[in-house]
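Novice: please find the sequence and the predicted model below.
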Amino acid sequence: MNALIIDDEAHCVEALMILINKYCPNVNVIDTCTDGECGLKSIEEQKPDLVFLDIAMPKMNGFDMLSHLEKIDFEIIFTTAYDNFAIKAFKVSAVDYLLKPIDRQELVNAVQVAEERIKLQEQSKNPVSNFEQFTMLLENLQQNKEAFPNIAIPTLEGLEIVKVCEILYVTGDSNYANIYLKNRPPILISKTVKYVEERLKGHNFFRIHHSNLINLNEVVKYVKGIGGYVKMTDGQELSVSRSRKNELMKHLNV
């Protein structure tokens with residue numbers, strides 16, 4: 001997998017190169033750039049599979065650089081020191097990012113996700129442009145409110161944009177999760193329940209079981225037991241683990 005690193009800080013480039021060489025053997029860094037103009041030229045000439053892109057660069061930041069491209073046919077991993085508000089925008093837009101200073105394991109995880117996406121794109125008859133994710137990210141960053149109304153769900157076909165308020169609950173089995181929606185078929189994704197939970201933080205969702213994440217606004221009944229279970233607005237009954245029962249009661253104001 002051929003990659004570019006675009007970052008105006010030389011020590012950040014060097015540190016990332018060291019981590020990639022040591023822990024990401026499938027990544028071949030073919031070029032490095034210290035500004036957006038160089039980045040645009042290198043992308044055009046090198047046609048990378050993956051770009052590690054710094055956001056805060058002088059003259060032309062990472063977002064400005066991407067907006068100059070006619071298409072984004074490569075994976076992007078943003079490298080950033082952004083605050084919590086912006087990080088939430090990254091999460092709900094299903095965009096990968098690495099907080100500086102970059103953690104080794106987070107780098108490995110992000111690269112693995114990029115590899116999976118590239119494989120899916122190669123196998124797909126109708127590959128999806130990454131422009132949709134980038135556009136949604138910019139929209140979310142521009143919003144001055146705590147919660148975003150939509151979330152991008154990565155599916156085998158690309159991205160499905162879902163209103164957060166339409167999500168009833170999420171159930172999982174190992175590395176797969178089913179997202180159940182109001183008046184729509186469920187969406188199956190090759191992600192864990194924890195992955196979805198992270199992206200729904202601040203939207204009144206609660207993990208009642210290692211396999212069950214619920215929208216607290218959609219609970220109609222709680223039935224006592226060792227852990228008990230909740231009944232949702234669509235009639236579905238979901239188990240509550242004993243260890244999460246007391247916290248659930250707090251969230252339900254009981």
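Specialist: Received the coordinates, thanks. Given the structure is predicted, the values throughout are model-derived calculations rather than measurements.
Novice: C-alpha from now on. contacts and neighbour counts both.
Specialist: Will do.
Novice: and the helices in the stretch 51-200 of the chain?
Specialist: 62-67, 84-92, 104-123, 131-142, 193-199 (DSSP state H, counting those that start in this stretch).
Novice: burial count for the nearest residue to Leu188 once chain neighbours are set aside?
Specialist: In space, and not counting its chain neighbours, Leu188 is closest to Asn178: 4.6 Å by CA to CA, 6 or more residues apart in numbering. Asn178 has 21 neighbours, counted by other CA atoms under 10 Å.
Novice: check contacts around Asn178.
Specialist: Val170, Thr171, Gly172, Pro186, Ile187, Leu188, Ile189 (CA atoms under 8 Å, 6 or more residues apart in numbering).
Novice: from Lys245, how far off is it?
Specialist: 22 Å (CA to CA, to the nearest Å).
Novice: also Ser239?
Specialist: Plainly put, Ser239 is 10 Å away from Lys245 if you go by CA to CA.
Novice: now do the shared contacts for the two.
Specialist: Common contact partners of Ser239 and Lys245 (CA under 8 Å, 6+ apart): Ile208, Gly227, Gly228.
Novice: make a markdown table out of these and add distance to Ala15 and secondary structure.
Specialist: Shown next, in a markdown table, are the shared contacts of Ser239 and Lys245 (distance: CA to CA, whole Å; DSSP: H, G, I helix; E, B strand; the rest coil):
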| residue | distance to Ala15 | secondary structure |
| --- | --- | --- |
| Ile208 | 40 | strand |
| Gly227 | 47 | coil |
| Gly228 | 49 | coil |
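Novice: of those residues, which is the most crowded?
Specialist: Neighbour-wise, these (other CA under 10 Å) top out at Ile208, 22 neighbours.
Novice: look at the nearest residue in space to Cys24 that is not next to it in sequence and report its pLDDT.
Specialist: Leaving out its chain neighbours, the residue that sits closest to Cys24 by CA to CA, 6+ apart is Val108, at 6.5 Å. For Val108, the pLDDT comes out at 95.
Novice: what is the neighbour count of Val108?
Specialist: 15.
Novice: quick one: it and Ile5, what's the gap?
Specialist: Taken as CA to CA, the span from Val108 to Ile5 is 15 Å.
Novice: do the same with Lys194
Specialist: Taking CA to CA, one finds Lys194 at 29 Å from Ile5.
Novice: can you list the helices of the stretch 51-200 of the chain in a markdown table and add distance to Val219?
Specialist: Listed next are these as a markdown table, based on distance: least, CA to CA, whole Å:
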| stretch | distance to Val219 |
| --- | --- |
| helix 62-67 | 40 |
| helix 84-92 | 23 |
| helix 104-123 | 33 |
| helix 131-142 | 28 |
| helix 193-199 | 17 |
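Novice: more neighbours, Lys194 and Ile5?
Specialist: Higher neighbour count among Lys194 and Ile5: Ile5, with 24 against 18, using other CA under 10 Å.
Novice: about what we covered before: what distance do you get for the residue nearest to Leu188 to Ile87?
Specialist: With CA to CA as the criterion, Asn178 and Ile87 are 24 Å apart.
Novice: per-domain residue ranges of this structure.
Specialist: Here the domain assignment for the chain is 2-141, 165-251, based on automatic domain parsing.
Novice: now do the shortest one, average pLDDT.
Specialist: Domain 165-251 comes out with an average pLDDT of 92.
Novice: re the thing from before, which one of the helices of the stretch 51-200 of the chain lies closest to Glu44?
Specialist: helix 62-67 (12.0 Å; CA to CA).
Novice: which positions within that closest one qualify as buried?
Specialist: Neighbour-count burial for helix 62-67, with 16 or more other CA atoms under 10 Å as criterion, is recorded at Gly62, Phe63, Met65, Leu66.
Novice: so who does the closest residue to the second one other than its chain neighbours touch?
Specialist: Taking CA to CA, 6+ apart as the measure, Phe63 lies nearest to Ile55, with 6.6 Å between them; neighbours along the chain are not counted. Shown in contact with Ile55 (CA under 8 Å, 6+ apart): Asn61, Gly62, Phe63, Phe78, Thr79, Thr80.
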